[in-house]
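can you look at this prediction? I've put the sequence above it.
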Number of protein chains: 2
Amino acid sequence: MATMQEVADRAGVSIATVSFLLNDTKPVAAATRARIEQAMADLGYRRNVVARALASRRTHIIAMAYPALEHKFGTSTAEFFTSAAEAAREDDYHLVLWPVGNDGVELRELLGQGLVDGVVLMEVQLDDARVGVLRETGTPFAMIGRTTELEGLTHVDIDFDTTVADAVAHLYDLGHRQLVLVSGDLDDPRFHAYGPWVRIGDAYRRIAAEHRLEIVVVECSDTTRAGHEAAAQIVRDHPGTTAVLVMNEFAALGVTAGLQRLGRDVPGDLSVLPLLMVPETAAMSNPELTIMRTPGPELGRLGTQSLIRHLEGAAPLPPQLVPAKLVPGESVGRPRSASAEGIGGR
Amino acid sequence: MATMQEVADRAGVSIATVSFLLNDTKPVAAATRARIEQAMADLGYRRNVVARALASRRTHIIAMAYPALEHKFGTSTAEFFTSAAEAAREDDYHLVLWPVGNDGVELRELLGQGLVDGVVLMEVQLDDARVGVLRETGTPFAMIGRTTELEGLTHVDIDFDTTVADAVAHLYDLGHRQLVLVSGDLDDPRFHAYGPWVRIGDAYRRIAAEHRLEIVVVECSDTTRAGHEAAAQIVRDHPGTTAVLVMNEFAALGVTAGLQRLGRDVPGDLSVLPLLMVPETAAMSNPELTIMRTPGPELGRLGTQSLIRHLEGAAPLPPQLVPAKLVPGESVGRPRSASAEGIGGR
């Protein structure tokens, strides 16, 4: 039997257009429809009855697609997942986790089985192959995260601009004038187009410039060992630094321990403020870290509810951006220079 | 068209019995069969062709059942999950995660949809309701963990006896004679029959007695804050302690930080040795922890391979127990008493 791709090729349209017609998910122009139907007739294409029934049945199961073999599945991710699963359960859905890669290959295989009503996408890349797969297969989906092109896409995300602005303002108000951002390692091919890292980096550069601060960014992959190295680099190359913002969780623990190993007191000599962390991780550090708290519980829930509203034909939730909020710990204080010179309030 | 429930009601049998007959999953007595067939004829019930195709098809998908809303999904769990997903992928299966509770209710709902070929059970209780559900529905499964009753069940697990014996021997050989075990909190209803905690506790009591050590066990839930409290309790109630074994990851980080906050040097004053931890977590602590390394990568893989062999009719793998192995860090040393008195090896 002919495949959908062969039908698309013969009709001179994309496979997505064939899918729109077959699944009735988007209007298709009459002339295009005629070409596709002719191609189907020429090729003897018949939609498989089981596949069609599968495609139309409702399972009340939704999948969270998370590239667990490429991205670390940490405590923070677990919060998104469990809050999403709870939100699904409250609305009488089951949420399952699909550890499929960002390339969309496995996602396509699983979707072909008609197992789920819809998908929540996590770890969204700026240009994400999975979005194309979901559109072609006519699968309803919501993103926790954002592609660059957002037209018509249901999404919720962290408000990175507000998060970074609040973090910088907090340090600035305490008197800090020499900051370093320890960002993700964008040279890592798994992360070169990873939205959060790009957006935090961009926001930091803009906001630091607004405060007329020198912009220093140290790239660092998300491990405690890489954090130790970042700490050494800061002490060696930027000795006047009074506060460090850190994008990633494990890196932040490593930066803190690394500064201490080099004889620096946190927060006496340097303040450390992670930009995305959960309290459980903050409590692992000694001193306990002051953090911008990742809004995982809110976003897991909102992303899932957005999808379910879509599945049930309810009015869509508007896209929502939720900032990380400051949760005080013991790793941020006034800089020594401020104490001596009287800069900054408290 | 009549539903299966209506057929069951008319025949005066349970819906399960109708299902056994229709899916040929269990023998049904001739008289009962006749009643059901009469009810189907009376009601004009026809088996849905799609449902039949679904029931018999192989999906090449296996589910890992993990009670993520009850048990913390930490770095250690992520290792089991990702290694299982990798092993499945190598054998051309997809592994997905089902965050279903230990009571088996949601598991039964998901299994009813015919979505998976088999199930890997995680966080196995000594008497686990999910085993009954899997048997009733005729679903192939393998356990990572062990119920008390193991007859005919495919399983792999941590070798708790060897793990605890090796850990105690290591401390004993260094000269430690006053140990404390910080165990899980078995009063927590989510964990009262949780195999690993029960087995580690039992193994510790036996092995400590063999070494003629005083048996001190402090119960502690798996959070850093509870670990801080356990540290305070050890310092207050057991001041002669020279080494602490800790069952749970977050508790171990908390115990270490808690001892330090109380002015105790680790390992100068007290050694800390977690019994189940991954290196990434060990590196979060300062000093980096010496650990018994959880064999998650091995067990995730072995559990999945055991299930796949079962699905493919290959000879079963024998049950396998894998011990956690000592990975040196900086949190275990000789006790001061040994240094002074010359007990123990180097």
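In hand now; what should we look at? Residues are numbered from 1 along each chain as shown, chains lettered A, B, ... in the order given.

pop the domain breakdown of chain A in here.
Annotated domains of chain A cover A:4-47, A:60-158+A:296-323, A:160-294+A:327-341 [automatic domain parsing].

any chance of these in TSV, plus mean neighbour count and mean pLDDT?
C-beta: built from backbone N, CA, C; applies to glycine. Converted to TSV, these look like this (neighbours: other CB atoms under 10 Å in any protein chain shown; pLDDT from 0 to 100):
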stretch	mean neighbour count	mean pLDDT
domain A:4-47	16	80
domain A:60-158+A:296-323	20	91
domain A:160-294+A:327-341	20	92
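
among the ones you listed, which is nearest B:His60?
Checking the domains of chain A against B:His60 by CB to CB gives domain A:60-158+A:296-323 as the closest, at 8.8 Å.

rewinding a little: want to throw the domains of chain A into CSV with distance to B:Arg261?
Formatted as CSV, the domains of chain A follow (distance: least, CB to CB, whole Å):
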stretch, distance to B:Arg261
domain A:4-47, 59
domain A:60-158+A:296-323, 22
domain A:160-294+A:327-341, 7
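
how about the residue in the stretch 101-250 of chain A that chain B sits nearest to, what does it touch?
Closest to chain B within the stretch 101-250 of chain A is A:Thr224: 4.2 Å, counting by CB to the nearest CB. Contacts for A:Thr224 (CB atoms under 8 Å, 6 or more residues apart in numbering or on different chains) come out as A:250-251, A:253-254, A:257, B:280, B:283-284.

if we use 6 Å, what do you get?
By CB atoms under 6 Å, 6 or more residues apart in numbering or on different chains, A:Thr224 lies in contact with A:250, A:253-254, B:283-284.

same check, this time on A:Glu219
By CB under 6 Å, 6+ apart, the residues touching A:Glu219 are A:183, A:185.

hey, where'd the helices end up in chain A?
For chain A, helices defined by DSSP state H occupy the ranges A:4-11, A:15-23, A:30-43, A:49-56, A:75-90, A:105-111, A:129-136, A:160-174, A:195-210, A:224-237, A:249-261, A:279-282, A:296-311, A:336-341.

write out the residues of the stretch 1-150 of chain A neighbouring chain B.
Within the stretch 1-150 of chain A, the positions lying close to chain B (CB under 6 Å from any CB of the partner chain) are A:50, A:53, A:59, A:68-69, A:73, A:78, A:82, A:85, A:94, A:96-99, A:110, A:113, A:115.

out of the helices of chain A, the one nearest B:Val131 is which?
The closest of the helices of chain A to B:Val131 is helix A:75-90. By CB to CB, the value is 22.3 Å.

picking that back up, and the domains of chain A: which comes nearest B:Met4?
Here domain A:60-158+A:296-323 is closest among the domains of chain A (CB to CB), at 17.5 Å.

ok now that closest one, how far from the chain's centre?
10 Å (CA atoms, centre = their mean, to the nearest Å).

quick one on the thing from earlier: what's the closest non-adjacent residue to the residue of the stretch 101-250 of chain A closest to chain B?
Ranked by CB to CB, 6 or more residues apart in numbering or on different chains and with sequence neighbours excluded, the top spatial neighbour of A:Thr224 is A:Gly254, at 3.6 Å.

kindly report the same for A:Ala11.
Excluding the flanking residues, the one nearest A:Ala11 by CB to CB, 6+ apart is A:Ala39, at 3.9 Å.

alongside chain B, which residues does the stretch 151-300 of chain A contribute?
A:224, A:253, A:257, A:283-284, A:286.

give the contact list for the closest residue to A:Arg10 other than its chain neighbours.
Excluding its sequence neighbours, the residue lying closest to A:Arg10 (CB to CB, 6+ apart) is A:Ala39, at 3.9 Å. A:Ala39 makes contact with A:7, A:10-11, according to CB under 6 Å, 6+ apart.

of those, just say which sits nearest to chain B.
Checking the contacts of A:Ala39 against chain B by CB to the nearest CB gives A:Val7 as the nearest, at 23.1 Å.

distance of the residue nearest to A:Val182 when sequence neighbours are not counted relative to A:Ile158?
In space, and not counting its chain neighbours, A:Val182 is closest to A:Val246: 4.4 Å by CB to CB, 6+ apart. Remark: distance between A:Val246 and A:Ile158 (CB to CB, to the nearest Å) = 15 Å.

same check, this time on A:Asp92
28 Å.

ok, A:Asp9 next?
41 Å.
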